[in-house]
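Participant: when you get a sec, could you give me coordinates for this:
(one chain, ligands or ions: 2)
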Amino acid sequence: MGDVAYDAFLLVSFGGPEGQEDVLPFLENVTRGRGIPRERLETVAEHYRHFGGVSPINAQCRELLQALDLDLPVYWGNRNWHPFLEDTVRQLRDDGVQHALAFVTSPFGSFSSCRQYLDDIAKARANVEGAPQIDKIRHYHDHPGYIAPHADAVRAALAQLPSRMAARLVFTAHSIPTAMNDSSGPDGKRYEAQLRETAALVAAEAAPELPWDLVWQSRSGSPHVPWLEPDVNAHLEHLAEQGVTEVVVSPIGFISDHLEVVWDLDEEARATAARLGLAYVRAATPGTDPRFVAMIRQLVDERVLAHSNVRHALGTVPTWDFCPADCCVSPKRA
Ligand SMILES: CC1=C(CCC(=O)O)c2cc3nc(cc4[nH]c(cc5[nH]c(cc1n2)c(C)c5CCC(=O)O)c(CCC(=O)O)c4C)C(CCC(=O)O)=C3C
Ligand SMILES: [Fe+2]
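Facilitator: Residues are numbered from 1 along each chain as shown. Ligands and ions are numbered 1, 2, ... in the order given. Got it, this is the predicted structure:
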């Protein structure tokens, strides 16, 4: 069999508002049919408003596309805001693209971070007659190009603490409902397993001598629905009670400084730490680190070269090119 003839690269992301007037329509798109309380929406709207109604995620997608330097033409489409995936798929079709390869800005499995993007792609294709075939690139939670920038960032953050040897590493990722975690991957709890592996790999590379924890952030939904815990703020309280005085918070669940990072960590968790008298440094995310950009090129090569058996992975949680139909299904349907 010859190489796979992909003729376009498609960046698929979450999308975010580009100004104050976009904030509410954007949040309505995000939460359509997902039962998020009105008060939570107003709170989150305030977080966006604090930054002029502009999500950082769009600039980060543009910077990533600029940095990529692929042999394929590059396109970008979002789930929740312009450029909408469906419009981009229409553009792909109009440009004569037959078979695109999609990179999603979340490295992990779960309904929110994997299946929903596959559903978005399927829906966009269904609405565009003559749409190209679109394959999604595999999970990359343990790719060296994802681990190394996070590990360097943890080292750099530790260097800013008064006495690095007494520090605690706190890895954070987006919380999800426990039911969504239970239906992640082919046999459940894959989201949590991948994040635990990412955390272990980053800790081992950055500071093997230090203790670390994996905690969760940015929960929403009804307080009666269980989500992954502990929350980062509660965990900081717990650490302070135990006598810990210095923390590095590393957002391993994020490829770049999304709103959850610049608000939930840089504002809220930092304030929690200040109240507790904890020295607090937030580690950087990969963004356009050259190793992360090179990872994307390697993941494209992995798929294009049919005989390539190079499949960079530092961990043991398996990844695959094509998700089975019953993988990461919505917990409501599971
Ligand atoms: C696992 C996961 C990722 C990582 C994977 C990925 O990257 O996709 C992620 C990313 C993101 N989530 C984002 C924003 C939001 N997520 C929300 C709501 C929710 N997220 C959830 C999970 C995740 N979310 C869940 C289970 C909900 C509850 C509703 C539901 O069951 O679907 C809401 C509604 C309000 C709120 O409740 O917070 C907003 C505004 C942005 C943009 C940030 C920016 O603008 O920089 C990004 C990258
Ligand atoms: Fe989210």
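Participant: what sits against the residue in the chain positioned nearest to ligand 1?
Facilitator: Among the residues of the chain, residue 220 lies closest to ligand 1, at 2.5 Å counting by Cβ to the nearest ligand atom. In short, each C-beta sits where N, CA and C put it, glycine included. Residue 220 makes contacts with 36, 40, 44, as judged by Cβ atoms under 8 Å, 6 or more residues apart in numbering.
Participant: recalculate using a threshold of 7 Å.
Facilitator: The neighbours of residue 220, taking Cβ atoms under 7 Å, 6 or more residues apart in numbering as the test, are 36, 40.
Participant: tell me the spacing between it and residue 275.
Facilitator: 23 Å (Cβ to Cβ, to the nearest Å).
Participant: kindly report the same for residue 195.
Facilitator: 27 Å.
Participant: looking at those two, which one has more neighbours?
Facilitator: Remark: of residue 195 and residue 275, residue 195 carries more neighbours, 25 against 12, as counted by other Cβ atoms under 10 Å.
Participant: I figured that one hits residue 173, correct?
Facilitator: Yes. Using Cβ atoms under 7 Å, residue 195 is in contact with residue 173, at 4.8 Å.
Participant: find residues that contact each of those two.
Facilitator: Joint contacts of residue 195 and residue 173 (Cβ under 7 Å, 6+ apart) are 252, 253.
Participant: report pLDDT for the residue of the chain closest to ligand 1.
Facilitator: What the model reports as pLDDT for residue 220 is 86.
Participant: again, but for the one 5 residues further on
Facilitator: According to the predicted model, the pLDDT of residue 225 comes to 92.
Participant: ok but it is inside a helix, no?
Facilitator: No. Assessed with DSSP: H, G, I helix; E, B strand; the rest coil, residue 225 is coil; it does not lie in a helix.
Participant: that one: what's it in contact with?
Facilitator: residue 177 are the contacts of residue 225 under Cβ under 7 Å, 6+ apart.
Participant: ok, residue 153 next?
Facilitator: Contacts of residue 153 (Cβ under 7 Å, 6+ apart): 250, 283, 284.
Participant: repeat that for 6 Å
Facilitator: 283, 284 (Cβ atoms under 6 Å, 6 or more residues apart in numbering).
Participant: ok, residue 88 next?
Facilitator: Per Cβ under 6 Å, 6+ apart, neighbours of residue 88: 75, 77.
Participant: now name the helix or strand holding it.
Facilitator: Assigned by DSSP states H and E, residue 88 belongs to helix 85-94.
Participant: and the following helix or strand past that helix, what's its mean pLDDT?
Facilitator: Moving toward the C-terminus from helix 85-94, the next helix or strand (DSSP H and E) is strand 99-104. On average, the pLDDT along strand 99-104 is 98.
Participant: let's see strand 99-104 as CSV, backbone CA atoms only.
Facilitator: Taking C-alpha atoms only, strand 99-104 is exported to CSV below (Å, rounded to 0.1, in the frame of the first residue of the first chain):
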residue,chain,number,x,y,z
HIS,A,99,-8.9,14.0,2.0
ALA,A,100,-7.9,16.2,5.0
LEU,A,101,-6.0,15.3,8.2
ALA,A,102,-7.4,17.0,11.3
PHE,A,103,-5.4,18.0,14.4
VAL,A,104,-7.6,18.7,17.5
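Participant: list the buried residues in stretch 145-157.
Facilitator: 145, 146, 147, 148, 149, 150, 151, 152, 153, 154, 157 (16 or more other Cβ atoms under 10 Å).
Participant: which parts of this structure are strands?
Facilitator: Per DSSP state E, the chain carries strands over the ranges 8-13, 74-78, 99-104, 133-136, 168-174, 212-217, 246-250, 279-282.
Participant: turn these into CSV, columns for mean neighbour count.
Facilitator: Formatted as CSV, these follow (neighbours: other Cβ atoms under 10 Å):
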stretch, mean neighbour count
strand 8-13, 24
strand 74-78, 22
strand 99-104, 21
strand 133-136, 18
strand 168-174, 25
strand 212-217, 21
strand 246-250, 26
strand 279-282, 20
